[in-house]
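Asker: predicted model and sequence follow; I will ask about them next.
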Amino acid sequence: MATFARPTFSAKAYAAFRPAYPPSLFRTILSYHQVPTPGGTLLDLGCGHGPIARYLKPHFKSVIAIDPSAGMIAQARQTTTDPEITFRQGGAEDLDFLAEGSVDMAVSGQAAHWFDYTQAWPSLARVVRPGGTVAFWGYKDNVLVGAEQATRIMGQFVYGFGEVAPGVEGMGPYWEQPGRGILRDLLRGVQPPEADWTDVTRREHEPGEEGPEETRWLRKKMKLGEVEGYVQTFSAFNGWKEAHPQAKSRASGGEGDILDVMWDRMVDAVPEWKAMGERWREAEVVSDWGTYILTARRR
């Protein structure tokens, strides 16, 4: 998560282009938690710019939301008006500021792959009350449905090592590990300790496969320009830019960076997109992400 915590990372762009969580996801999580009326305290781990805290607040008396990134916390505070939502900088591994058994539910959206579980599980076991719950969820690599060749090209540029085009190094070396690998494995290696947690459930979806809405909860129609903006928020792309300061994007007056080259090839691979010329960003596509939901209840 070091990239998101850097002063150069744009929390505003992240908030603008990252996909929103659908109501179906929150219904699944709240159904598991079995909260009958608003009450208790929600802890949002890796809260980012605050969308989960704001969405779930009506179901809880108070929300405490933490994130390691000062920029994310600043963005969250700027866009949140509810005085019962408290934002503070911090990580899942250090919850000493919370009283024992003071949390009714702890959640984490698209952040749990960064946790050091040797510290996070003991911290959560201390602060989550008996009968309280945790819910972690996230999404990995998306596919562009019906545009398989373009999707393969995107994967080559995003995860490739060495040259992925003449003179262009892939983004593969710039993913922060082991976090990205844990996410791409849909958090299967993360096991809530049996001594503290029970009723463990997992819901998984591999990108491009069929399945119920409960597991395939992040699938949406997008314009290619929105997909372009989303890819620009990748931590690996930000790392790539820092390693290649001479490669300026066409939008900033340069000759092109890795994403410019990637999109050239992706557009060339789909005749309908290529026929649109400079208007290719207006083309619509269905984007389907791989997803997981991990839930557990405190003994």
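Answerer: Perfect, thanks for sending it.

Asker: the stretch 1-150 of the chain: helices as residue ranges?
Answerer: Along the stretch 1-150 of the chain, counting by DSSP state H, counting those that start in this stretch, helices occupy 2-5, 11-17, 23-33, 51-56, 70-78, 117-127, 148-159.

Asker: in a markdown table: these, plus mean pLDDT and distance to Thr295.
Answerer: Quick note: C-beta positions are derived from backbone N, CA and C, even for glycine. Below are the helices of the stretch 1-150 of the chain laid out as a markdown table (pLDDT from 0 to 100; distance: least, Cβ to Cβ, whole Å):
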| stretch | mean pLDDT | distance to Thr295 |
| --- | --- | --- |
| helix 2-5 | 52 | 25 |
| helix 11-17 | 61 | 26 |
| helix 23-33 | 95 | 5 |
| helix 51-56 | 97 | 14 |
| helix 70-78 | 95 | 24 |
| helix 117-127 | 98 | 13 |
| helix 148-159 | 98 | 29 |
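
Asker: winner for burial among those?
Answerer: Among the helices of the stretch 1-150 of the chain, helix 51-56 has the highest mean neighbour count (mean count of other Cβ atoms under 10 Å), at a mean of 21.

Asker: neighbouring contacts of that helix?
Answerer: Contacts to helix 51-56, defined as Cβ atoms under 8 Å, 6 or more residues apart in numbering, come from residues 15, 20-21, 26, 30, 42, 44, 47, 63, 65, 76, 79-80, 82, 85, 87, 107, 109.

Asker: hang on, isn't Met276 packed against Ala283?
Answerer: Yes - contact criterion Cβ atoms under 8 Å: Met276 and Ala283 qualify, at 5.9 Å.

Asker: so between those two, which is more surrounded?
Answerer: Just comparing Met276 and Ala283: by other Cβ atoms under 10 Å the higher neighbour count belongs to Ala283, 19 against 14.

Asker: low-scoring pLDDT stretches of the stretch 51-200 of the chain, where are they?
Answerer: Along the stretch 51-200 of the chain, no part satisfies pLDDT under 70.

Asker: what about the strands in it?
Answerer: Ranges of strands in the stretch 51-200 of the chain, per DSSP state E, counting those that start in this stretch, are 62-67, 85-89, 103-109, 128-145, 163-165, 168-169, 197-205.

Asker: in JSON lines, list these along with distance to Arg298 and mean neighbour count.
Answerer: Shown next, in JSON lines, are the strands of the stretch 51-200 of the chain (distance: least, Cβ to Cβ, whole Å; neighbours: other Cβ atoms under 10 Å):
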{"stretch": "strand 62-67", "distance to Arg298": "17", "mean neighbour count": "24"}
{"stretch": "strand 85-89", "distance to Arg298": "22", "mean neighbour count": "17"}
{"stretch": "strand 103-109", "distance to Arg298": "9", "mean neighbour count": "25"}
{"stretch": "strand 128-145", "distance to Arg298": "5", "mean neighbour count": "21"}
{"stretch": "strand 163-165", "distance to Arg298": "46", "mean neighbour count": "15"}
{"stretch": "strand 168-169", "distance to Arg298": "46", "mean neighbour count": "19"}
{"stretch": "strand 197-205", "distance to Arg298": "6", "mean neighbour count": "16"}
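
Asker: could you find the closest non-adjacent residue to Trp42?
Answerer: Not quite, residue 42 is Leu, not Trp. Spatially, and ignoring its direct neighbours in sequence, Leu42 is nearest to Phe60 (4.2 Å; Cβ to Cβ, 6 or more residues apart in numbering).

Asker: residues touching Cys47, list them.
Answerer: By Cβ under 8 Å, 6+ apart, the residues touching Cys47 are 53, 65-67, 72-73, 76, 87, 111.

Asker: turn the residues you listed into CSV, including distance to Gly256.
Answerer: Shown next, in CSV, are the contacts of Cys47 (distance: Cβ to Cβ, whole Å):
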residue, distance to Gly256
Ala53, 39
Ala65, 38
Ile66, 39
Asp67, 33
Met72, 30
Ile73, 34
Ala76, 34
Phe87, 38
Ala111, 32
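
Asker: of all the residues you listed, which two lie farthest apart?
Answerer: Of all pairs drawn from the contacts of Cys47, the one with the longest distance (Cβ to Cβ) is Phe87 and Ala111, at 14.3 Å.

Asker: for Leu294, see how far away the nearest residue to Glu93 once chain neighbours are set aside is.
Answerer: Spatial nearest neighbour of Glu93, excluding adjacent residues (Cβ to Cβ, 6+ apart): Gln119 at 3.8 Å. To Leu294, Gln119 is 18 Å away according to Cβ to Cβ, to the nearest Å.

Asker: and Arg216, by the same measure?
Answerer: 16 Å.

Asker: next one: Val285
Answerer: The gap separating Val285 from Leu294 is 29 Å, by Cβ to Cβ.
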